[in-house]
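> Got a predicted structure plus its sequence, pasted below:
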Amino acid sequence: MRGLNRFALTLLLVLSAAAVFGASASAADPCLTIGMLMGGAKNDAGYNQSHYDALMEVQRNLPCVKVIVAEYVSDSEAESVMETMIQQGAKLIIAAGFPFQYPAIAVAERHPDVKFIHPGGWEVRANFGNYFAKTQQTFFLMGVAAGMMTETNKLGFVAGMPLGFTLGNVNGFHLGARAVNPNVETHLVWTFSWGDTTKEAAATQALIDQGCDVITMHLDSPIAVLQAAEAAGVYSIGFMSLESQQFAPTGWVTGLGLTWGDFYTQNAQKVIDGTWAPGFIRMGLAEGFLEIAPFGPSVPQNVREFVLSVTEGFNAGLLNPFTGPIKDQNGVVRIAEGEAWGNEKMGDFDWLVEGIIGSPQ
């Protein structure tokens, strides 16, 4: 094993996953083989685990399905991993990583009989669809909780890469906090990586040193941030997987979980039935793509009730956080009075809302 390079190890992961996970399906004749590749670990309590847990839900819903799982796949390895999955019979590929969009399209063009779905991108082809959750709007609810829980009026946000989608999450969070606490500031720190635990822990401590007493994040895995916040005795709000609460048993407020299980099951069934069609899909809480995590033990009842009441209005379509007038950090009106940004604009942010401390780049 010592002599194997990373690429060989990744292919071994694919092959071993096929043997292990395929055992629960009909070994002789599965109704469908699904391949999933991820950039990280299936148990990261974050982005990768949200996809993996959803795939396991598909297998519970459709026991005749066989799955092939590959973890720690790099961008350069993605095409070869998908080709290996197809050689093993995969007819549905879930390319569960933002950088996998164009590698998956290249493989899709070579295999028109295989269906592909990819999270967070923008491309659609005859056998390639895109999907993601409406997280920017929903982060408003997390901000409401944070704005009610803070005692210092300083909130912290640790974020990976300065993309428009990430900026939208930060903005939505801050708008929610300001809605219930006009004096609050949100302090933003970039790690410029989706997965660097050393930088994530350091960023969290830097925010705590500035007086932030509620910390949230947009990273592949929230574990380092949650553990650093818990060790310092400050509150935390999770994102990505509902499993992250275990890492902050005392300071946990709530969180957002990405819940893809029903959507993956529907896609698998449509491939089996021959009715699958590509799409550009963005759905939220009401449609089952997101779930609000349980509240932690330190959250007062009035906060719980208020956040849930706002959630009801949100799900009923009565609330759009990105309704003008909204100014940026420099006091410039970016969303005019009477204007409302919908989901089609959520990737367009290159600015931060007034009251956020930090750079948009």
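Sure thing, it's come through.
> Domain parsing of the chain, as residue ranges.
6-133+260-283, 135-250+289-357 (automatic domain parsing).
> what is the rounded mean pLDDT of the last one?
Mean pLDDT, domain 135-250+289-357: 96.
> distance between it and the chain's centre?
With Cα atoms, centre = their mean, to the nearest Å as the basis, domain 135-250+289-357 stands 13 Å off its chain's centre.
> in stretch 284-300, what's buried?
G284, L285, F289, L290, I292, A293, F295, G296, V299 (16 or more other Cβ atoms under 10 Å). Any C-beta I mention is one placed from the backbone N, CA and C, and that applies to glycine too.
> Closest to E71 out of those?
Set against E71, the nearest of the buried residues of stretch 284-300 by Cβ to Cβ is F289 (22.9 Å).
> Now do the phi/psi pair for that closest one.
Here is the backbone geometry of F289 (degrees, to the nearest 10): phi -80, psi -20.
> Report the contact partners of it.
Residues near F289 by Cβ atoms under 8 Å, 6 or more residues apart in numbering: Y131, F132, A133, K134, L258, T259, W260, F263, M283.
> What separation do you get for it and R60?
Applying Cβ to Cβ, to the nearest Å, the value for F289 to R60 is 19 Å.
> helix/strand/coil for A145?
Of the three states, A145 takes helix under DSSP: H, G, I helix; E, B strand; the rest coil.
> Pretty sure it sits against T254.
Yes. Using Cβ atoms under 8 Å, A145 is in contact with T254, at 5.4 Å.
> Find residues that contact each of these two.
What both A145 and T254 touch, as defined by Cβ under 8 Å, 6+ apart, is the set I237, V299, V307.
> which one of these sits closest to Q361?
I237 (24.0 Å).
> picking that back up, just send the buried residues of stretch 284-300 back as TSV, with secondary structure too.
Below are these laid out as TSV (three-state DSSP):
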residue	secondary structure
G284	coil
L285	coil
F289	coil
L290	strand
I292	strand
A293	coil
F295	coil
G296	coil
V299	coil
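> Pipe those residues into JSON lines and attach distance to A90 per row.
Below are those laid out as JSON lines (distance: Cβ to Cβ, whole Å):
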{"residue": "G284", "distance to A90": "29"}
{"residue": "L285", "distance to A90": "31"}
{"residue": "F289", "distance to A90": "24"}
{"residue": "L290", "distance to A90": "27"}
{"residue": "I292", "distance to A90": "33"}
{"residue": "A293", "distance to A90": "32"}
{"residue": "F295", "distance to A90": "40"}
{"residue": "G296", "distance to A90": "40"}
{"residue": "V299", "distance to A90": "43"}
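> Quickly check these for the two that are furthest apart.
Maximum distance among the buried residues of stretch 284-300 (Cβ to Cβ): 24.0 Å, for F289 and V299.
> can you tell me the helix or strand for A179?
helix 164-180 (DSSP states H and E).
> Please apply the same query to Q59.
helix 47-61.
> Counting by contacts, list what that helix packs against.
Contact analysis of helix 47-61 by 3 or more Cβ pairs under 8 Å, 6 or more residues apart in numbering; DSSP states H and E lists strand 32-38, strand 65-70, strand 92-96, strand 235-240, strand 252-258, helix 261-273 as its packing neighbours.
> Give me the residues contacting it.
Residues contacting helix 47-61 (Cβ under 8 Å, 6+ apart): 21, 24-25, 34, 36, 38-43, 65, 67, 69, 71, 94, 96, 119, 194, 220-221, 240-241, 243, 257-265, 268.
> Can you flag the buried ones in those?
21, 25, 34, 36, 38-42, 65, 67, 69, 71, 94, 96, 119, 194, 220-221, 240-241, 243, 257-261, 263-265, 268.
> Do a quick rundown of the strands in the stretch 101-250 of the chain.
Taking DSSP state E, counting those that start in this stretch to define them, one finds strands in the stretch 101-250 of the chain at 115-119, 128-133, 154-159, 185-190, 214-218, 235-240.
> Just give the nearest non-adjacent residue to I117, would you?
In space, I117 comes closest to G129 once its chain neighbours are excluded; the distance is 5.0 Å by Cβ to Cβ, 6 or more residues apart in numbering.
> That neighbour contacts P119, doesn't it?
No. Taking Cβ under 8 Å as the definition, G129 is not a contact partner of P119, at 10.3 Å.
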